[in-house]
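*Asks:* take a look and give me a structure for this.
(4 chains)
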Protein chains: 4
Amino acid sequence: MSSSYGHLFRITTWGESHGVGVGVVIDGCPSRIPLTQEMIQRELDRRRPGQSDIVTPRKEADRVDILSGVLDGCTLGTPIALSVRNADHRSSAYDEMQHSYRPSHADYCYDAKYGIRAWAGGGRASARETIGRVAAGAVARAVLSVLCPDLEVLAWVERVHDICCPLAPQDVRAEDVEGNIVRTADAATAERMAEAIRRARAAGDSLGGVIACTVRGCPVGLGDPVFDKLEATLAHAMMSIPATKGFELGSGFRAPEFTGTQHNDPYYMDGDRVRTRSNHSGGIQGGISNGEDINFRIAFKPTATVMVPQATVNDAGEEVTLRGKGRHDACVLPRAVPIVEAMVWLTLCDHCLQQLAVRAADRAER
Amino acid sequence: MSSSYGHLFRITTWGESHGVGVGVVIDGCPSRIPLTQEMIQRELDRRRPGQSDIVTPRKEADRVDILSGVLDGCTLGTPIALSVRNADHRSSAYDEMQHSYRPSHADYCYDAKYGIRAWAGGGRASARETIGRVAAGAVARAVLSVLCPDLEVLAWVERVHDICCPLAPQDVRAEDVEGNIVRTADAATAERMAEAIRRARAAGDSLGGVIACTVRGCPVGLGDPVFDKLEATLAHAMMSIPATKGFELGSGFRAPEFTGTQHNDPYYMDGDRVRTRSNHSGGIQGGISNGEDINFRIAFKPTATVMVPQATVNDAGEEVTLRGKGRHDACVLPRAVPIVEAMVWLTLCDHCLQQLAVRAADRAER
Amino acid sequence: MSSSYGHLFRITTWGESHGVGVGVVIDGCPSRIPLTQEMIQRELDRRRPGQSDIVTPRKEADRVDILSGVLDGCTLGTPIALSVRNADHRSSAYDEMQHSYRPSHADYCYDAKYGIRAWAGGGRASARETIGRVAAGAVARAVLSVLCPDLEVLAWVERVHDICCPLAPQDVRAEDVEGNIVRTADAATAERMAEAIRRARAAGDSLGGVIACTVRGCPVGLGDPVFDKLEATLAHAMMSIPATKGFELGSGFRAPEFTGTQHNDPYYMDGDRVRTRSNHSGGIQGGISNGEDINFRIAFKPTATVMVPQATVNDAGEEVTLRGKGRHDACVLPRAVPIVEAMVWLTLCDHCLQQLAVRAADRAER
Amino acid sequence: MSSSYGHLFRITTWGESHGVGVGVVIDGCPSRIPLTQEMIQRELDRRRPGQSDIVTPRKEADRVDILSGVLDGCTLGTPIALSVRNADHRSSAYDEMQHSYRPSHADYCYDAKYGIRAWAGGGRASARETIGRVAAGAVARAVLSVLCPDLEVLAWVERVHDICCPLAPQDVRAEDVEGNIVRTADAATAERMAEAIRRARAAGDSLGGVIACTVRGCPVGLGDPVFDKLEATLAHAMMSIPATKGFELGSGFRAPEFTGTQHNDPYYMDGDRVRTRSNHSGGIQGGISNGEDINFRIAFKPTATVMVPQATVNDAGEEVTLRGKGRHDACVLPRAVPIVEAMVWLTLCDHCLQQLAVRAADRAER
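*Replies:* You can find the predicted model right below:
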């Protein structure tokens, strides 16, 4: 269904860019998980507009309210409703968008699909929808911190336009990523990327890039073979984030460069733990986590909002020129990092809960 | 859930490589769709082993039986059960696999997940599971031929190892793809690819590649924004196919090379139809089809089965050497083409049926 | 899942009795359905506490806010979030409930299931949860008024304790039901029922009864045979309402009194419409609506909250006496009438949208 | 969806009465559950036609084949496909049914819903569909015998027409029920019921009745409050069985006879176990099992197939007389007992697996 994600840990997001607010309901969160407003707010603050001079200046505190499902800092097992009010919505800035379709935005397709559209600020297609994902992701993270205490999910901006961060996944550290406004993995690259973003913004243009993500300490056995392979659900999750154009796991699109004997990851014993010597598989084999780091990358297109005149059509079927107006986020990647992490938390939490049923017999025996 | 796919047009596949057989049940197929055994068999024949000298020699007629849901060549609206018997299953060839984990196969992960494993021939992780997908895909195709008569789904092998097919998506023709054993888009490339596959096989090695796919004549408005964006469900579908490592739509991983003004697809009017002048979006914007060709690519790793000795471990936690045995498919891509198409048919059919509910109000007015 | 209902028209309710508020998110509502706050408020006002002297005196305006999914009085096709603030929650009145389990309430079972419980006012098990159902039901009703303009859903209190309303379903009129505070079908019975309820309340006791419901003008063909038969989903919906103990369709538990030749409903032609001469089937045959009135009845137990001392145990495993405190609704049936109707609207709306896919082929041909 | 049931332990049945066969696929069965063909066959034999002189004489061995998901007597965690061939299908006996609608059968409604119908023997609406349920129920029972070893599910025929079995639920024993052909709880009543059925059959007529069911040893805490209350899902399950007209739990439709103080079940301590002194609740409070016996009853109408001429209409809109032909099951209740038990096993198994996720935090701590 459109706005729901997950089977057992199931979230439903709601809200338009210029409506009352946005939010999410989480159905299926286990009971007795420690959870506070601060744990959710911390993640929302990473996604928030106006954090630095390289992201959108929309002014939103994005303060989350927990409306249900939590008592005295602990989950009840009942639905958790979270909401965030919209504050800075200047609909007038979008008047032109009411009838003209912004190129490579969702405007035309919403009209075609629904026969109606909340045009101000992109409506439901606005990136504000991802607030619900990030808030719910923080709850999933709280669950996983109980179920899989060793799990770490770490995303970073690996590329902006033609500038790439040279660090390998195993060398990236969370504190370095949070230590710069671009959320890339080293300070020097961050400086160059920030400068490129500032130049693009000054030109009224925008930049895309690549976000990389590594999952460390994942239990062996997550992921359902056949249709809900772990990589299939991760791909689904990542490709549901606005502006994404591609997903690859492990060797990804470079896999064809290898032959089978080169690409296979030989097993060996590391004490009593089964490990692989290489990790072309990216931590998943047969759709199931094998205990190695799960490494994947997501391609983002340059933001569709640009501040230059563009040829387009309107809803009367006329060809028109659209002048750039409204707020302008010249590169979404720094703020997309927490969104990527949230979608990973949500996906892993759901698989984790499902795995309890798969191994029900063993649990009964304990 | 593990072996089910789709919301309204929902399939559940079953079967192990060396069990009685494999099959699928389709729940939610509309009534009164013309459907014959031949329509399904035709697609299975494209997936069948032993079609040519470059694919696995396993001998299987893969004859499908329609067990329910069809009367006098027409669907009843009740579940359609399809089954295919396994014939050529030489379990003895796999004795070594009972306790040793083949590198980059699912063996170890199945044991870790389930605590038990049908080891012969890969069990549930065998590519034979995809028979159910291809059979169900043929049914989805039958539904779409009624609902969207102009729709064409066309996949082809774009790359094998380092050999690439130079044709652009709009220049690829179905008859050319079916006209060569590799299922690439032109005969000259096919010859070179086939030769590379034969060389790899002779060396006991294997090759990966890329399958490209284009969807022509797709109605505007398919795809659910937010979590079930059309590209998200396509990515899910593609990454659920064994041996896939990546998915990209339109400009994909090259998107970051562009700036926003370069990447945006300007709208124009083509008669009374809204079109875009470029198609970096790959036919989908905001998660919804825009009527342009939907173009995407899937990376495949080289087959994990190779005929050379490999270091690995066994289920007793000992490091051992595994000699290559069993049948050997040196390049799965030619047979993966109908699997890719089947997953596209299944995904589009489900979205098509869902769209009826979205526009229910308009239908009531007619 | 616990707090979600429906497949295509899918609702998720949230909220505890003494938390911030209660609400619902509706995912899958068709676009372009006329919908106003008033249409929802009207139904909530029928469910509201404090309507008359025979229902709970809890003071709640139960004012609904539409947070998303609606623009200019029309649905957008995106999730519709509705919320109602809690106002009059005097937690102190419930202190005793924190550790002692009220007999025949959900307290003990919640503790056993979740290991934690929002004890004030019953928490999630409070009837306030049904606010979300009634609000969503009003939206489903709005959809059905477009899709099935002739449909009427009418519930009434048929029995309170030992007082029964003598009218047959076909003789009951909506205006008569809304015309008395008990919501039974005739004024004379209403007076006797109201008096019985007042007597029970004065004694600190409570009464149960039966709500009957008739659906007129239902299209032929709704309901999915096998597991989601129309009567099965209606039974599910009704038995999910707090305090229900039984469901029967048509002849119900009197069916065994008949033989087959007596019970069968003979078909005849009424102009070009297929009708049945009797309606023991209750408007559903083989799980599918046949166009006759759908008649069913729901048994309600007397409210578990009583104002007399009761023997029980506490969460320390001690036997204790619980004095009656808190607000007291001596008979829930008058306020349950709109809840029953809401669950019927929700169930029929979901089946209606599903039926569009079943008959997709015919729609394509039009 | 139509032919699927369950969330985590999810079954999909398929097959028409006069097609190749019938079957079921179970997706989500935990791994490492002991399971043999005999465990399934035993239940099918209880449902089989031709067991005695009071049930349908259709000759079917109903031999089940396990097609997948089981290895060496143990579940693999992958889908379990089960099938049964149809043998004795004399379509010619049903020629008259091709165009004429049998009263109170599903014929007319199938035509209205689907625009097409497998008319021979009732097609999908035939009771043969329940073979898949009983087979899957046996698998659910196998799972529960591992997860909840103390659980007992026991159904029996409590009433046939006007003959009632006087035993209270706690006095009924499984061996007594299986010890007579009617499957009632005592031999004397069985004799009278059998005689009534024989008389009805001789008259070409049919009888309905009531099946009672008790669940003993159910763990506390099963059932999801709000929409998937344990009684709501049991009602759904029971009302999905062909020919059912009503469901009641505990005091059921007699609940209104009590006042609240009379109806409430007082808690007391039985050693360290919380118990109730009465059981009007029927073992479920707030939608969650409380550890007492779960008692419920299901009303069955008299079989719609009768051997006397009946007025009806045909698919050309003409009024016609239908002569009784085909096989005749004068009372379905004896064979419905294993179907009721199967649906209870399926429902409880699904709730049991879901409960693992609810209490995930506690499991992590162990």
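
*Asks:* so which bits of chain A are right by chain D?
*Replies:* Listed as neighbours of chain D in chain A under the rule CB under 8 Å from any CB of the partner chain: A:7-9, A:28, A:30-33, A:77-78, A:143, A:146-147, A:225, A:352-354, A:356-364, A:366. The C-beta positions use only the backbone N, C-alpha and C, and glycine is treated the same way.

*Asks:* can you flag the buried ones in the residues you listed?
*Replies:* Buried positions within those, assessed by neighbour count (16 or more other CB atoms under 10 Å in any protein chain shown), are A:7-9, A:28, A:30-33, A:77-78, A:143, A:146-147, A:225, A:352-354, A:356-361, A:364.

*Asks:* let's verify the residue lying closest to residue A:131 once chain neighbours are set aside: helix, strand, or coil?
*Replies:* When the adjacent residues along the chain are set aside, residue A:131 lies closest to residue A:22, with 4.9 Å between them (CB to CB, 6 or more residues apart in numbering or on different chains). Using DSSP: H, G, I helix; E, B strand; the rest coil, the structure places residue A:22 in strand.

*Asks:* any idea how far residue C:10 is from residue A:22?
*Replies:* Here the criterion is CB to CB, to the nearest Å. By it, residue A:22 lies 19 Å from residue C:10.

*Asks:* next: residue A:144.
*Replies:* Following CB to CB, the distance that separates residue A:144 from residue C:10 is 26 Å.

*Asks:* what do you get for residue A:314?
*Replies:* When residue A:314 is compared with residue C:10 (using CB to CB), they lie 34 Å apart.

*Asks:* with neighbour numbers in mind, choose between the two.
*Replies:* Under the neighbour definition other CB atoms under 10 Å in any protein chain shown, residue A:314 and residue C:10 were set side by side, and residue C:10 has more, 23 against 19.

*Asks:* the more buried one contacts residue C:24, correct?
*Replies:* No. In this structure residue C:10 lies outside contact range of residue C:24 using CB atoms under 8 Å: 10.6 Å.

*Asks:* since we're on the closest residue to residue A:170 other than its chain neighbours, how many residues are nearby?
*Replies:* In this structure, residue A:170 finds its nearest non-sequential neighbour in residue A:293, 6.7 Å apart by CB to CB, 6+ apart. Look at residue A:293: counted by other CB under 10 Å, it has 17 neighbours.

*Asks:* repeat for the one 5 residues further on
*Replies:* For residue A:298, the neighbour count with other CB under 10 Å is 28.

*Asks:* likewise the one 10 residues further on?
*Replies:* Applying other CB under 10 Å, we find 13 other residues in the vicinity of residue A:308.

*Asks:* now do it, the pLDDT please.
*Replies:* Here, the pLDDT recorded for residue A:308 equals 93.

*Asks:* next one: residue A:1
*Replies:* With respect to pLDDT, residue A:1 has a value of 58.

*Asks:* check residue A:179 too.
*Replies:* At residue A:179 the predicted local confidence, pLDDT, stands at 95.

*Asks:* now it: how far from residue B:38?
*Replies:* The gap separating residue A:179 from residue B:38 is 63 Å, by CB to CB.

*Asks:* same deal with residue A:176?
*Replies:* Taken as CB to CB, the spacing of residue A:176 relative to residue B:38 amounts to 60 Å.

*Asks:* pick out whichever of the two has more residues nearby.
*Replies:* For residue A:176 versus residue B:38, the count of surrounding residues by other CB under 10 Å is larger for residue A:176: 18 against 10.

*Asks:* find the residue closest to the more buried one in space, skipping its chain neighbours.
*Replies:* Among residues not flanking residue A:176 along the chain, residue A:185 sits closest, at 5.6 Å (CB to CB, 6+ apart).

*Asks:* and the one you found, which of the three is it?
*Replies:* For residue A:185, the secondary structure call by three-state DSSP comes out as coil.
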